[in-house]
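> generate coordinates for the sequence data below:
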Amino acid sequence: MSTLARPLFATPRISTWAGFLLMCLGMFMAILDIQVVATSLPTIQRALNISPEAMSWIQTAYLIAEVIAIPLTGLFTRALSLRWLFASGVGLFTLASIGCALSDSLTTLLGFRIIQGFSGGVLIPAVFSAVFMLFPPRLHAAATTIGGVVAVLAPTIGPVVGGFITETWSWPWLFLINVIPGLIATALTPRLLPRQPTNLGELAKLDLVALVVMVLALASLEIGLKQAPQSGWLSPLCAGLLLASALGIAIFVWRSFRAAHPIVQFAVMKRRSFAIGCALSFCLGVGLYGSVYLMPVFLSFVRRHDAFEIGTIMLVTGISQLIAAPLAALLESRLGARLLTAAGFLLFALGLGLSSLQPRTADFAEMFWPQVLRGVAIMFCLLPPTRIALGSLPEKDVADASALFNLMRNLGGAIGIALIDTILYGRVAAYAEDFRIRLLAGDLTAAQAIGLDPSRLLNRPPGPPTPEEIDFVRPMVEKASLALCVGEAWAMLAGVAVLGVLLVFLANDRAKQ
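The predicted structure follows:
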């Protein structure tokens, strides 16, 4: 008998499809929540009187809890079954959303954000597990397409949703929008998804030492990545956190291979196509979350757009993803997963590279085609690699493998954003100093580069600049310097996408049986 994953029904019932769509809705809520809150952090800061230094912990608390929950999804699936895992996760996420909305202090808000992040973290890999546990191989492409569209569309439209809510309603609605869909999904999913046996005895076998090591390692990694751009990667704090994280992860993996009942089944990494699929997921995470982070930085600080305007511009990527999704499913059946993935990462690198060449004055028109290329490419980079990694695994391995696959994408995003911030924090002062020296020397090309009328430089009297002149020029220098740093960051993301192209050819279209 084949060891491949067998769906519960050769022809899934309508109720199974309905339950799967509700699972996708829950995943959409969890991913969207990160983006809408990020867009509106200044509003929350003012409302709760939070210091600027503490504001970022509203996001960091969520992300740490999420990255800890993701690798535990396999264990929870074995213990609770897929349907009860999802119902528990989305129900807890909904309750935590209500708690966030009612929070009147940073401490309370952080507590509920941690619960939100942990419960939301299990929803994402659960959806991709469901693709291969609930549906036969002939429907994998369709189900993967639906889940993939939801996974990448949420971060794209997050800024426009967050901007609209912030400008139209009040900040608690950033969380209250989760309540109605969350209650619907919690109530209906257990009735719609196929029944599977639970095995709560799995929780009794939990390796508590390994769990503590994993929690500390992943938390140290997230905090280290958050602090490194400002404090320096080699600063005692960041170097210590990152070293502790690497050591903790190594101990956790070693212990998992030796344990009779490991928290995460790392043995699946022995399959070459799964391992390469995880590497591709990491590369996609760097580019996907990096681009979603970088565009608002440029549009906000250089072009001075508000949150809603930024979201509107970024909708181009989301629309392109929706259009490309069915095309990706069709082309995969014609070209094969490897070739389509290679084309996707090549197209992704091109879209990112074009953005690296955009001028300081770039806006909607200049960003349109790079966004279209990236939107199409993202679907080619997500859907075929998902099937390469998970499509031929034994059913007992799917939940753990899905957790690792999705964890790699999240870690790629965290590391990518840290690298972007390193470029922005580390290079902007150097560019600003270069502009200062060139402007004092009367360099007209420097004046043009920052948007200063060259005649103001030619006609000014000799001598050092006056305070008024410095105040007039400083914002122009800062924006031009930041724009150059953003270009370097785009180029870095393009380089990671090129690495993805090279990795593709190490994988097989289907994992070995």
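
> and the contacts of stretch 332-352?
Contacting residues not belonging to stretch 332-352 are listed as 141, 280, 283-284, 287, 291, 328, 331, 370-374, 376-381, 383-385, 387-388, 490-491, 493-495, 497-498, 500-501, 504-505, 507-510 [CB atoms under 8 Å, 6 or more residues apart in numbering]. For glycine as for every other residue, the C-beta is placed from the backbone atoms N, C-alpha and C.

> right, and the helix or strand after the lowest-mean-pLDDT helix or strand in the chain?
Of all helical and strand segments in the chain, the minimum by mean pLDDT, DSSP states H and E falls on helix 52-55, at a mean of 75. Reading on from helix 52-55 to the C-terminus, the next helix or strand found by DSSP states H and E is helix 57-69.

> name the residues of that next one that are buried.
Buried positions in helix 57-69, judged by neighbour count with 16 or more other CB atoms under 10 Å: 57-69.

> thinking again about what came up before, in PyMOL, select just the buried ones from the contacts of stretch 332-352.
Entered in PyMOL, the line below selects the buried ones among the contacts of stretch 332-352, by 16+ other CB under 10 Å:
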select buried, resi 141+280+283+284+287+291+328+331+370+371+372+373+374+376+377+378+379+380+381+383+384+385+387+388+490+493+494+497+498+500+501+504+507+509+510
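
> quick one: which of the contacts of stretch 332-352 sit in helices?
Counted as lying in helices by DSSP state H, out of the contacts of stretch 332-352, are 141, 280, 283-284, 287, 291, 328, 331, 370-374, 376-381, 383-385, 387-388, 490-491, 493-495, 497-498, 500-501, 504.

> hmm, Val160 is touching Leu315, no?
Yes. Assessed by CB atoms under 8 Å, Val160 is found in contact with Leu315 at 6.1 Å.

> more neighbours: the two, which one.
For the pair Val160 and Leu315, the greater number of neighbours falls to Val160 (22 against 15), based on other CB atoms under 10 Å.

> list the buried residues of the one helix or strand the more buried one maps to.
Using DSSP H and E, Val160 sits within helix 140-168. Of the residues in helix 140-168, those buried by neighbour count under the rule 16+ other CB under 10 Å are 140-141, 143-166.

> chain center to that helix: distance?
Between the centre of helix 140-168 and the centre of its host chain there is 11 Å, according to CA atoms, centre = their mean, to the nearest Å.

> mean confidence for it?
Per-residue pLDDT values across helix 140-168 average out to 85.

> could you pull out the helices for the stretch 1-150 of the chain?
Secondary structure of the stretch 1-150 of the chain, counting by DSSP state H, counting those that start in this stretch: helices at 14-39, 41-48, 52-55, 57-69, 73-80, 82-102, 106-134, 140-168.

> including distance to Pro454, could these go into TSV?
Output for these, formatted as TSV (distance: least, CB to CB, whole Å):
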stretch	distance to Pro454
helix 14-39	38
helix 41-48	36
helix 52-55	37
helix 57-69	42
helix 73-80	59
helix 82-102	52
helix 106-134	49
helix 140-168	36
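
> out of those, nearest to Arg271?
Judged by CB to CB, the one of those that comes nearest to Arg271 is helix 106-134, at 14.0 Å.

> buried residues, that closest one. List them.
By neighbour count with 16+ other CB under 10 Å, helix 106-134 contains the buried residues 106, 109-134.

> so, low pLDDT: which residues of the chain?
Applying pLDDT under 70 to the chain flags the ranges 1-10, 508-513.

> okay, which residue is most central for it?
Tyr289 (4.3 Å; CA atoms, centre = their mean).

> ok, the nearest residue to Trp57 once chain neighbours are set aside to Ala217 distance?
Among residues not flanking Trp57 along the chain, Leu110 sits closest, at 6.2 Å (CB to CB, 6 or more residues apart in numbering). Applying CB to CB, to the nearest Å, the value for Leu110 to Ala217 is 21 Å.

> same deal with Phe345?
Using CB to CB, we find Phe345 at a distance of 29 Å from Ala217.

> how about Pro136, phi and psi?
Comment: the main-chain dihedrals of Pro136 come out as phi -70, psi 160, following degrees, to the nearest 10.

> that one - how many residues pack around it?
When neighbours are defined as other CB under 10 Å, Pro136 has 16 of them.

> and what of Met29?
Burial of Met29 is recorded as 24 neighbouring residues (other CB under 10 Å).

> which residue comes closest to it once chain neighbours are left out?
Counting by CB to CB, 6+ apart, the nearest residue to Met29 once its immediate chain neighbours are dropped is Asn178, at 5.1 Å.

> please verify my assumption that the one you found contacts Ile31.
No. In terms of CB under 8 Å, Asn178 does not count as a neighbour of Ile31; the distance is 11.7 Å.

> ok, back up a step: measure how the helix holding Val160 sits relative to helix 41-48, angle-wise.
Angular relation of helix 140-168 and helix 41-48 on a 0 to 180 degree scale: 50 degrees, by axes from the mean of the first three to the mean of the last three CA atoms, to 10 degrees.
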